[in-house]
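Visitor: build me a model from this:
(2 chains)
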Amino acid sequence: EIVLTQSPTTMAASPGEKVTITCRASSSVSYMHWFQQKSGTSPKPWIYDTSKLASGVPDRFSGSGSGTSYSLTISSMEAEDAATYYCLQRSSYPLTFGSGTKLEIK
Amino acid sequence: QVQLQQSGAELTKPGSSVKISCKASGYTFTSYDISWIKQRPGQALEWIGAINPGSGGTGYNEKFKGKATLTVDKSSSTAFMQLSSLTPEDTAVYYCAREGWYLPMDAWGQGASVTVSS
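Guide: Take a look at the predicted model:
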């Protein structure tokens, strides 16, 4: 099983601040996917195939990485971006998610 | 539009079983796999397994073999997950999600809460 380790576990950012969340895989994966989840709601697809934005995702978000190291970046934090973000790998079974990064607004 | 409508909350006792449903609409049900995901309170997401509604073929996370059984009813475009021999550790919200051709888990149900308590 591929273990995905996200960091940080929690963080707070001020409006306008640049934010980077990382996801490290225990073995190399082809792509990384990201989901956003707000409290009490279902996760939403956010970034897929490492760097493609899902429909409706603001372009202040971006994704990058390869092999065992991937990241999600927000160029300029906004209040609506406060949520928990999960990475997902589908390169091998079982599919596995990261432990999540809770992002709060300062 | 694509929708996945899940069944309601369940309160059940240890040792019992529960069957959750996920009714799909807005697309051809047999053309996309359905994944099931577990989320314990305040915890991360866990992939339970997936089913191909066209063939009925399934794939499970080893951790959930013997715990979860995935089925479909093509006539009603509904996917089901049965959880057996329930324990308090099965208390969670369970989601179904459609596996898109390009975008993984591109549509999610609203979640079904299962509480196991004596």
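Visitor: and the strands in chain A?
Guide: Counting by DSSP state E, chain A has strands at residues A:4-7, A:10-13, A:19-25, A:33-37, A:44-48, A:52-53, A:61-66, A:69-74, A:83-89, A:96-97, A:101-105.
Visitor: quick one, phi/psi of the residue nearest to B:Trp36 when sequence neighbours are not counted?
Guide: Counting by C-beta to C-beta, 6 or more residues apart in numbering or on different chains, B:Ile48 is the residue found nearest to B:Trp36 once chain neighbours are left out, at 4.3 Å. Yep, even glycine has a C-beta here, placed from its N, CA and C like the rest. With angles defined as degrees, to the nearest 10, B:Ile48 sits at phi -90, psi -40.
Visitor: how far away is B:Ile48 from A:Pro15?
Guide: 38 Å (C-beta to C-beta, to the nearest Å).
Visitor: check contacts around the most centrally placed residue in chain B.
Guide: For chain B, the residue nearest the mean C-alpha position is B:Trp36 (3.7 Å; C-alpha atoms, centre = their mean). The contact partners of B:Trp36, taken as C-beta atoms under 8 Å, 6 or more residues apart in numbering or on different chains, are B:22, B:47-50, B:68, B:70, B:81, B:94-97.
Visitor: each with direction, which strands does the helix or strand containing it pair with?
Guide: Using DSSP states H and E, B:Trp36 sits within strand B:34-39. Strand B:34-39 has the following sheet partners, assigned by DSSP bridges: strand B:45-51 (antiparallel), strand B:92-98 (antiparallel).
Visitor: now residue 52. Nearest residue, chain neighbours left out?
Guide: Defaulting to chain A. A:Gly63 (7.7 Å).
Visitor: can you look at chain B instead?
Guide: Leaving aside its sequence neighbours, B:Asn52 sits nearest to B:Asp33 (C-beta to C-beta, 6+ apart; 5.2 Å).
Visitor: tell me the contacts of that neighbour?
Guide: Under the criterion of C-beta under 8 Å, 6+ apart, the neighbours of B:Asp33 are B:50-53, B:98-99.
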